[in-house]
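Student: Starting from these lines, generate the structure:
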Amino acid sequence: MGWVAFKEIREGVITDASFVANVWRVYTKSIEIDPRYRDPVKFFQRTYVSEGLAYVLKDALWRLSGKGGDPIILLKTTFGGGKTHTLIALYHLCSNPSAVLKCENIKSEIGTPVFSVKPVVIVFDGFEIDPRHLRDAYGANSLWQFLLLKLATVVGSEQIKKIAYGYSDPYEPPGSEVLGSILSDVEKRKRAVVILLDEIPEFLRRLAYKDGKLAQATQSFIAALARAMIYTRYSLLVIALPDVPAYSRENRIIEDMLRELKRVSMPKNIVGKEDATYVLRQALIESVDVNVSRSKSKSYHDVYTRFKTDFPPNVSTESYLSDLLMHYPFHPQYVDFLYEKLSIAHGFQGTRDMLRLTARVLYSMYKRKLVLSLIHI
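Tutor: Purely as a prediction, here's the structure:
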């Protein structure tokens, strides 16, 4: 056949949850999350490093090595556009940099991680944690108290814990001066604070349902935290926003706050159409026989050339032969259809659903013993 899918796909050990990235459940080491996300080596081995992802990971490396980089990164993508996957990549990179050394696909793109300080990674997910659960499960009255208490526990600082309890009023967040002193104190200990915030617009909305002033206080805290971050040398704040109309108001508030600051990185794209084939192949295909790839691609192109009138004009060109080779084992038309047609369908969640659908396609092919050299629509 010229290619082999990963074992769990061949055997049908895949569910809808297999392609749902959740940085909070990775952070809390939930056994419910698929091992391909939970295990850092498996995660990196199955991750294609797009230009956007490489940009974010390199920025983190620069920060943690003290060589520069932006202290704030804003990720804004549609559902399934790679924002949470990127947060998981950052979490694993900061928490287990040695995993990168075992994954040549990552190491070749971003280099060998060398940190000047030890990262303290704190994750918050506004979908997973509602305000009531924040109090009941974590003893925190606000987003800032949650983050500060987590930080105090990891670095073993009674002073940070004292500050956290001093700001227990959910209507009165700490200002950038207080937060800056905390970050500075942590960095003096040869540590760096890495805060990953996912689904913050949802959290702000839940707060607003109860009391608009609570949401405003949290917005003020995020602004103060961002302002404090720009004066650090090693620390990093990453905020992921879902680029969907439902959160347009909340997104605009956060973006306007960050736009005033000069040291904010806003990568335009994490996964684009040009990355789709590589993402599918890295995540789903275990191996490809290069010789078979060349042979089968040329055979298809020969047919297209011989019967030009029966096919679209572009498929008989020399450049299309390159496309066939580049996309193998997927036919270029298959990838185009996924990205240009299905991805814009209502409810279709970008890269996530491309992977989910294609995994089922591959399993069906194995189950029905359909030995095909190229995967078609």
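Student: tell me which residues of the helix or strand harbouring Tyr55 are tucked away?
Tutor: Using DSSP states H and E, Tyr55 falls within helix 51-65. Buried positions in helix 51-65, judged by neighbour count with 16 or more other Cβ atoms under 10 Å: 52-53, 55-57, 59-61, 63-64. All C-beta atoms are positioned from the backbone trio N, CA, C, and that covers glycine.
Student: relative to helix 51-65, how tilted is the next helix or strand after it?
Tutor: Following helix 51-65 in sequence order, the next helix or strand is strand 72-77 (DSSP H and E). Here strand 72-77 points in a direction 160 degrees away from that of helix 51-65 (axes from the mean of the first three to the mean of the last three Cα atoms, to 10 degrees).
Student: what's downstream of strand 72-77, the next helix or strand?
Tutor: Using DSSP H and E, the next helix or strand after strand 72-77 towards the C-terminus is helix 83-95.
Student: Tell me which residues are up against that next one.
Tutor: 21-23, 26-27, 37, 40, 43-44, 47, 52-53, 56-57, 60-61, 64, 75-77, 99-100, 113, 119, 121, 123, 194, 196, 198, 238, 240-242, 270, 351 (Cβ atoms under 8 Å, 6 or more residues apart in numbering).
Student: Show me which of these are buried.
Tutor: When those are checked for burial by 16+ other Cβ under 10 Å, the buried set is 21-23, 26-27, 37, 40, 43-44, 47, 52-53, 56-57, 60-61, 64, 75-77, 99-100, 113, 119, 121, 123, 194, 196, 198, 238, 240-242, 270, 351.
Student: Shouldn't Val120 be within a helix?
Tutor: No - counting by DSSP: H, G, I helix; E, B strand; the rest coil, Val120 is not part of a helix but strand.
Student: tell me the contacts of it?
Tutor: Counted by Cβ under 8 Å, 6+ apart, Val120 has contacts 151, 154-155, 186, 191-194.
Student: confidence score at it?
Tutor: For Val120, the pLDDT comes out at 97.
Student: do the same with Val371
Tutor: Predicted confidence (pLDDT) for Val371: 69.
Student: what's the closest non-adjacent residue to Ser50?
Tutor: Residue nearest to Ser50 in three dimensions, not counting chain neighbours: Asp275, with 4.3 Å by Cβ to Cβ, 6 or more residues apart in numbering.
Student: I'd like the buried residues of helix 51-65 as CSV, with distance to Arg206 appended.
Tutor: CSV is the format used below for those (distance: Cβ to Cβ, whole Å):
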residue, distance to Arg206
Gly52, 29
Leu53, 29
Tyr55, 31
Val56, 27
Leu57, 31
Asp59, 30
Ala60, 29
Leu61, 34
Arg63, 31
Leu64, 32
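Student: Please convert these to TSV, extending it with pLDDT and distance to Arg249.
Tutor: Formatted as TSV, the buried residues of helix 51-65 follow (pLDDT from 0 to 100; distance: Cβ to Cβ, whole Å):
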residue	pLDDT	distance to Arg249
Gly52	89	26
Leu53	92	28
Tyr55	92	28
Val56	94	26
Leu57	95	31
Asp59	94	28
Ala60	94	29
Leu61	94	34
Arg63	94	30
Leu64	95	34
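Student: which SS class is Lys296?
Tutor: Classification of Lys296 using three-state DSSP returns helix.
Student: which residues does it contact?
Tutor: Contacts of Lys296 (Cβ under 8 Å, 6+ apart): 2, 328, 373-374.
Student: Looking at neighbours, which among the residues you listed is most surrounded?
Tutor: Tyr328 (26 neighbours; other Cβ atoms under 10 Å).
Student: What distance do you get for the residue lying closest to that residue once chain neighbours are set aside to Ile200?
Tutor: Counting by Cβ to Cβ, 6+ apart, Ser293 is the residue found nearest to Tyr328 once chain neighbours are left out, at 4.4 Å. Ser293 is 43 Å from Ile200, where distance means Cβ to Cβ, to the nearest Å.
Student: quick one: which of those two has more around it?
Tutor: The neighbour count for Ser293 versus Ile200, taken as other Cβ under 10 Å, is higher for Ile200 (25 against 20).
Student: how close does the closest residue to the more buried one other than its chain neighbours sit to Pro245?
Tutor: Leaving aside its sequence neighbours, Ile200 sits nearest to Gly126 (Cβ to Cβ, 6+ apart; 5.0 Å). Gly126 sits 18 Å away from Pro245, taking Cβ to Cβ as the criterion.
Student: ok, now Ile73?
Tutor: 23 Å.
Student: Figure out the helix or strand that the closest residue to Glu158 other than its chain neighbours lives in.
Tutor: Nearest in space to Glu158, with sequence neighbours left out and distances taken as Cβ to Cβ, 6+ apart, is Ala152 at 7.4 Å. Assessed by DSSP H and E, Ala152 sits inside helix 143-155.
Student: Tell me how far the next helix or strand after that helix lies from the chain's centre.
Tutor: Sequence order places helix 158-166 as the next helix or strand after helix 143-155, per DSSP H and E. Put simply, helix 158-166 sits 31 Å off its chain's centre (Cα atoms, centre = their mean, to the nearest Å).
Student: Renumber starting at 494 from here on
Tutor: Renumbered: residue one is now 494, and that last one reads helix 651-659.
Student: Okay, buried residues for helix 651-659 please.
Tutor: Under 16+ other Cβ under 10 Å, the buried positions of helix 651-659 are 653-654, 656-657.
Student: what's the answer for stretch 833-844, then?
Tutor: For stretch 833-844, the neighbour count (16+ other Cβ under 10 Å) marks 836, 841, 843-844 as buried.
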